[in-house]
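Asker: here is my input; please provide its structure:
(2 chains)
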2 protein chains.
Amino acid sequence: MTPFSFDLIASSPGTEARRGRITTKSGSIETPVFMPVGTQATVKTLDPIEVEATGAEIILGNTYHLMLRPGVDVIEEAGGLHPFMRWNRSILTDSGGFQIFSLAQQAKVREEGVTFRSHIDGSARVMTPESVVDLQIRYGSDIMMPLDHLIGLPANPRKIVDATARTRRWLERSIVAWHDHPAAVKGALFGICQGGMDVELRAEEARFLAQCDVAGSAIGGLSVGEPKDVMNAVLEATCPLLPVDRPRYLMGVGSPEDLWNAVARGVDMFDCVLPTRLARNGSLFTPDGRIDILKAEFKHQHLPVDDTCDCTTCARFTRAYMHHLFRARELLGLRLASVHNIRFLVRQVEEMRTAIEAGTFAIAHGDFAARYKPAGPSDRLKAVVA
Amino acid sequence: MTPFSFDLIASSPGTEARRGRITTKSGSIETPVFMPVGTQATVKTLDPIEVEATGAEIILGNTYHLMLRPGVDVIEEAGGLHPFMRWNRSILTDSGGFQIFSLAQQAKVREEGVTFRSHIDGSARVMTPESVVDLQIRYGSDIMMPLDHLIGLPANPRKIVDATARTRRWLERSIVAWHDHPAAVKGALFGICQGGMDVELRAEEARFLAQCDVAGSAIGGLSVGEPKDVMNAVLEATCPLLPVDRPRYLMGVGSPEDLWNAVARGVDMFDCVLPTRLARNGSLFTPDGRIDILKAEFKHQHLPVDDTCDCTTCARFTRAYMHHLFRARELLGLRLASVHNIRFLVRQVEEMRTAIEAGTFAIAHGDFAARYKPAGPSDRLKAVVA
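Answerer: Below is the predicted model of the structure:
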């Protein structure tokens, strides 16, 4: 049994923006949606009650990190990831493909799968498309991702094509493994399309993914330092070829401006460590752009970080207090900042949903872009993947 | 106007244990009471809502730290420490005497006061009995402590007598400054008696403090590494000489066993960084003693840290999850552990209050001591002060 559905509720004239609702075995999720990242069975610094209070309806877990620590046995004994970390709403787990190539040591890719060494203790490990599906089912994940093959960019086009073809074959194996798995209840399996920055290859992959038996379409390998117009071009080459009746998930994105741009092109789901990582560095979202709360100018500002914000931080604490906490290196500051930044992104997608329903997405996007000054590209999270 | 009162509600036969109620301008406090420490305008890692949920009715702030960062001007602009840090219940501020001797650089004591350099930026600073009273009134403190003169131990008895005599003279100046201060509403001023480990000198200081015009009696300079029987002897030499109708505050204590021993000897109030500092190191209180949650034995224990505990950590999370968070160095672990350890000490004083009211304190103390195994003396917080 796989309780999963996606209902399209509205679209907005003149854009590809979609308003929908995903239902998983753990509940419903309004889309467009931003998913906070809880890599190690915790959204960094936050109690799950605080995460839920931001309006988040789904969070991410990380297959790679969790298999290394605490280990799937511990999570399974606890009854799955939901009871272990006390998060009752939906969880999407990524496959570990990205982490093997960014964190693991001595990773070797063969057709069968990947061998690597743990970045924690150097122990030898293996991941195959089949083992990754099995792990995610044992975690109790609501939405599961297949193992994909990522390579460093820039790369020989031939290598990109090879990795992309392997990603296809691994997806086919993942689908078989998912169907064959004996679990009585299991999460839905998505597919991932890769293809680097080549829009032709991206279109081919989208066409392939569209005819696969999966519940949703993920777009991987973007937001890795490429210019915004490249990301937009890839989305424009990809989204129209993906099935209308499946949610579209742009992996690892992102910033407020990326969310607006991608929803305008037909994306429904996002995840990113950006809001929590920025928060821990004292960088806070406001409708005008990010502020660095450590700057001396905030020492005497006895007003909220963002006076348009309804988060529990802005409702109670001032810029002066946040400045003090960060200067004094008090951990409460990291928490309060994380709550605010997640709530800021959740509010962005809430505004998008309202605008799509009202048929005014393009206007709302224009209003956002007229006010919000994005940080320079040097501030964007960087990784090098295909 | 100084809204402050202390009402004795009950005592327990065969012990000096007292059950009372303090009322300050910010509310009431049931005694015996444990006060969590919020040195830098935050109880480390915790939201004030979480601190209140532990049952804490009063917290500590630190005059020395707050004058250096964020500075009294910032706190005064915010309307005082309570609105600045969003803690609406009572706040006791210490005088900075201890920090000048433990943290400040180039401290020089003259009769007028102390000159020193900030441990943060090396800036030259001054503290006098009068300036310390003024600072605490500007913070909006509910209970204020006078500047005292601490010296390193062991020390020449002559030096101890000199420092103790200066502490007396500074207290007299503090009382004058407090009376002369033009603030319309101000917190109550306590006195501190010092005297090292010399029970004769301690008794003299207690007699002196008893005839001073202050609202409460603090006992300083204990829990600095001396054996438990020395602390008990000093308390036995001091408490009977202090006024019955004023609360007695044992500064910087302590551990669960120290709380029981001191309440049995007539102490009403305690503060200590121990529960939060231990928590951040993964050391958690249980009725049997402390456990080190990082130990491998907890990896698979899917049960609460303390199954007798009603804190929000024990109600929701397991030893296995806490072990995972500490192993993965996730900040949520520090929070959940801090909540538990504070709640554990608050539950100790709650149990004492119930037992005193029932006239069964000695029995309850025996029950505690029969089960709880204190950590060795090497684990106790150390400092060297007179």
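Asker: up against chain B, what does the stretch 151-300 of chain A have?
Answerer: Neighbours of chain B within the stretch 151-300 of chain A, by C-beta under 8 Å from any C-beta of the partner chain: A:299-300. Every residue, glycine included, has its C-beta placed from N, CA and C.
Asker: now do the same contact list for A:Thr318.
Answerer: A:301-304, B:78, B:84 (C-beta atoms under 8 Å, 6 or more residues apart in numbering or on different chains).
Asker: in JSON lines, list the residues you listed along with secondary structure and distance to B:Thr128.
Answerer: Output for the contacts of A:Thr318, formatted as JSON lines (DSSP: H, G, I helix; E, B strand; the rest coil; distance: C-beta to C-beta, whole Å):
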{"residue": "A:Gln301", "secondary structure": "coil", "distance to B:Thr128": "31"}
{"residue": "A:His302", "secondary structure": "coil", "distance to B:Thr128": "29"}
{"residue": "A:Leu303", "secondary structure": "coil", "distance to B:Thr128": "34"}
{"residue": "A:Pro304", "secondary structure": "coil", "distance to B:Thr128": "37"}
{"residue": "B:Ala78", "secondary structure": "coil", "distance to B:Thr128": "25"}
{"residue": "B:Phe84", "secondary structure": "helix", "distance to B:Thr128": "24"}
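Asker: most neighbours, which of those?
Answerer: Highest neighbour count within those, by other C-beta atoms under 10 Å in any protein chain shown: B:Phe84, with 25 neighbours.
Asker: phi, psi of the nearest residue to that one once chain neighbours are set aside?
Answerer: If the residues on either side of it in the chain are set aside, B:Phe84 comes closest to B:Ala78, at 3.9 Å by C-beta to C-beta, 6 or more residues apart in numbering or on different chains. With angles defined as degrees, to the nearest 10, B:Ala78 sits at phi -70, psi -10.
Asker: same deal with A:Ile75?
Answerer: Per degrees, to the nearest 10, the backbone of A:Ile75 is at phi -70, psi -40.
Asker: give me the pLDDT value at A:Ala383.
Answerer: Note on A:Ala383: pLDDT of 36.
Asker: so in chain A, where's the weakest helix or strand by average pLDDT?
Answerer: Lowest mean confidence among the helices and strands of chain A (mean pLDDT, DSSP states H and E): helix A:97-102, at a mean of 86.
Asker: which other helices and strands contact that helix?
Answerer: Other helices and strands packing on helix A:97-102, by 3 or more C-beta pairs under 8 Å, 6 or more residues apart in numbering or on different chains; DSSP states H and E, are helix A:63-68.
Asker: distance from the helix it packs on to the middle of the chain?
Answerer: The chain centre lies 17 Å from the centre of helix A:63-68; the measure is C-alpha atoms, centre = their mean, to the nearest Å.
Asker: how about stretch A:84-103?
Answerer: Stretch A:84-103 sits 10 Å away from the centroid of its parent chain (C-alpha atoms, centre = their mean).
Asker: most remote residue from chain A's center?
Answerer: Relative to the C-alpha centroid of chain A, counting by C-alpha atoms, centre = their mean, A:His300 is the outermost residue, at 36.0 Å.
Asker: not counting sequence-adjacent ones, nearest residue to the residue nearest to the spatial centre of chain A?
Answerer: The centroid of chain A falls nearest to A:Asp271 when counting by C-alpha atoms, centre = their mean (1.7 Å). Leaving aside its chain neighbours, A:Asp271 sits nearest to A:Met35 (4.2 Å; criterion: C-beta to C-beta, 6+ apart).
Asker: okay, and that neighbour sits in which element?
Answerer: In this assignment (DSSP states H and E), A:Met35 forms part of strand A:33-36.
Asker: cool, and A:Glu205?
Answerer: Using DSSP H and E, A:Glu205 sits in helix A:199-210.
Asker: hang on, the earlier thing: check what pLDDT the residue nearest to B:Phe84 gets.
Answerer: For B:Ala78, pLDDT reads 98.
Asker: which helix runs longest in chain A?
Answerer: In chain A, taking DSSP state H as the definition, the longest helix is helix A:331-358.
Asker: can you name the element that comes right after that one?
Answerer: helix A:361-371.
Asker: what packs against that following helix?
Answerer: By 3+ C-beta pairs under 8 Å, 6+ apart, helix A:361-371 packs against helix A:256-264, helix A:331-358.
Asker: mean pLDDT added to those, as JSON lines?
Answerer: Formatted as JSON lines, the helices and strands packed on helix A:361-371 follow (pLDDT from 0 to 100):
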{"stretch": "helix A:256-264", "mean pLDDT": "98"}
{"stretch": "helix A:331-358", "mean pLDDT": "98"}
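Asker: could you point out which of those sits nearest A:Gly187?
Answerer: helix A:331-358 (21.9 Å; C-beta to C-beta).
Asker: show me what contacts A:Thr39?
Answerer: For A:Thr39, the contacting residues are A:60-62, A:65, A:273, by C-beta under 8 Å, 6+ apart.
Asker: so which of those residues comes closest to A:Asn88?
Answerer: A:Gly61 (13.8 Å).
Asker: contacting residues around the nearest residue to the closest one once chain neighbours are set aside?
Answerer: Counting by C-beta to C-beta, 6+ apart, A:Thr93 is the residue found nearest to A:Gly61 once chain neighbours are left out, at 4.6 Å. Residues counted as contacts of A:Thr93 (C-beta under 8 Å, 6+ apart) are A:60-63, A:66, A:81, A:136, A:139, A:141, A:143-145, A:187.
Asker: can you say which of the residues you listed are buried?
Answerer: Taking 16 or more other C-beta atoms under 10 Å in any protein chain shown as the criterion, what is buried in these is A:60-63, A:66, A:81, A:136, A:139, A:141, A:143-145, A:187.
Asker: for these, which one is nearest chain B?
Answerer: Minimum separation from chain B among the buried ones among the contacts of A:Thr93 (C-beta to the nearest C-beta) is found for A:Leu66, which lies at 9.4 Å.
Asker: how is chain A divided into domains?
Answerer: A:5-272, A:280-371 (automatic domain parsing).
Asker: next one: phi and psi at A:Ser223?
Answerer: phi 60, psi 40.
Asker: distance check, the residue nearest to it when sequence neighbours are not counted against B:Lys25.
Answerer: Spatial nearest neighbour of A:Ser223, chain neighbours left out: A:Val253 (4.6 Å); criterion: C-beta to C-beta, 6+ apart. Computed with C-beta to C-beta, to the nearest Å, the distance linking A:Val253 and B:Lys25 is 51 Å.
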